[in-house]
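Asks: coords please:
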Amino acid sequence: MADAPQNFTDMFMRLGEQLRVPQFDMNKIMEHQQKNLEAMSKSWQAMASGASEIATRQRAIFEQAVQDVTAMVQDYKPGGTPQDMVAKQSEFAKKAMEAAIANTRDIAELVQKSTGEAFRIVQDRMKESYEEIKASLERK
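Replies: Next up is the predicted model:
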C-alpha cells in the first residue's frame with residue numbers, strides 16, 4: 001500500500017532537521033523586508049519629487065521664452081538699417097543661447113539631485129541590510 005501523501009512544508013521541515021539547518025526567525029525576515037520596502041518607497045518619493053521640480057522648472061523656462069519672444073515682437077520696429085536689424089537679431093540669438101545653456105544646466109542639476117538622493121536612500125538601506133545580516137550571523 002502506498003504511503004499517504006506528505007505535506008510539502010512538512011517535507012522541507014524534515015529535510016531541514018536532517019541537515020541541521022538553523023530555524024529562520026520569520027519576524028526578523030518580515031521586519032527586514034519591511035525596511036526594504038520603506039527604503040524603496042522613500043526612493044520613489046525622491047524621484048517623484050525630482051520629476052515634479054523638473055516639470056515646474058520646464059514650465060518656468062517655457063513661460064520665460066514666451067515672454068522673451070513677446071518682448072522682442074513688441075520692440076520690433078520695421079525699418080532701420082540692415083546692420084541694425086542684424087545687430088538686434090544677433091543680440092536676441094545671443095540671449096536665447098545663454099538662456100538655453102543656463103536652463104539646460106539647471107535641469108541637469110535637478111536630475112542629478114533627484115537621482116542622487118534616490119540612489120543614496122537605496123545605498124544606505126543596502127549598507128544597513130548588510131550590517132543586520134552580519135550582526136545576525138555573528139550572534140550564532
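
Asks: so where's the protein uncertain?
Replies: 1-6, 16, 21-24, 78, 139-140 (pLDDT under 70).

Asks: try 80
Replies: Regions of the chain meeting the criterion pLDDT under 80 cover residues 1-26, 72-73, 75-80, 85, 136-140.

Asks: state which helix of it is the longest.
Replies: In the chain, taking DSSP state H as the definition, the longest helix is helix 82-139.

Asks: for that helix, what is the distance to the chain centroid?
Replies: Mean-position distance between helix 82-139 and its chain equals 11 Å (C-alpha atoms, centre = their mean, to the nearest Å).

Asks: and L37, how many neighbours does it have?
Replies: 10 (other C-beta atoms under 10 Å). Any C-beta I mention is one placed from the backbone N, CA and C, and that applies to glycine too.

Asks: geometric centre of the chain: which residue is closest?
Replies: M47 (3.3 Å; C-alpha atoms, centre = their mean).

Asks: what's the distance between that residue and R59?
Replies: 19 Å (C-beta to C-beta, to the nearest Å).

Asks: show me how far stretch 25-36 is from its chain's centre.
Replies: On C-alpha atoms, centre = their mean, the centre of stretch 25-36 falls 25 Å from the chain's centre.

Asks: just the CA trace of it, in CSV.
Replies: C-alpha atoms of stretch 25-36 as CSV (Å, rounded to 0.1, in the frame of the first residue of the first chain):
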residue,chain,number,x,y,z
ASP,A,25,13.1,33.9,12.5
MET,A,26,10.2,34.9,10.3
ASN,A,27,9.6,38.1,12.3
LYS,A,28,13.1,39.2,11.6
ILE,A,29,12.8,38.4,7.9
MET,A,30,9.5,40.3,7.7
GLU,A,31,11.0,43.3,9.6
HIS,A,32,14.0,43.2,7.2
GLN,A,33,11.7,43.2,4.1
GLN,A,34,9.5,46.0,5.6
LYS,A,35,12.6,48.2,5.9
ASN,A,36,13.5,47.3,2.3
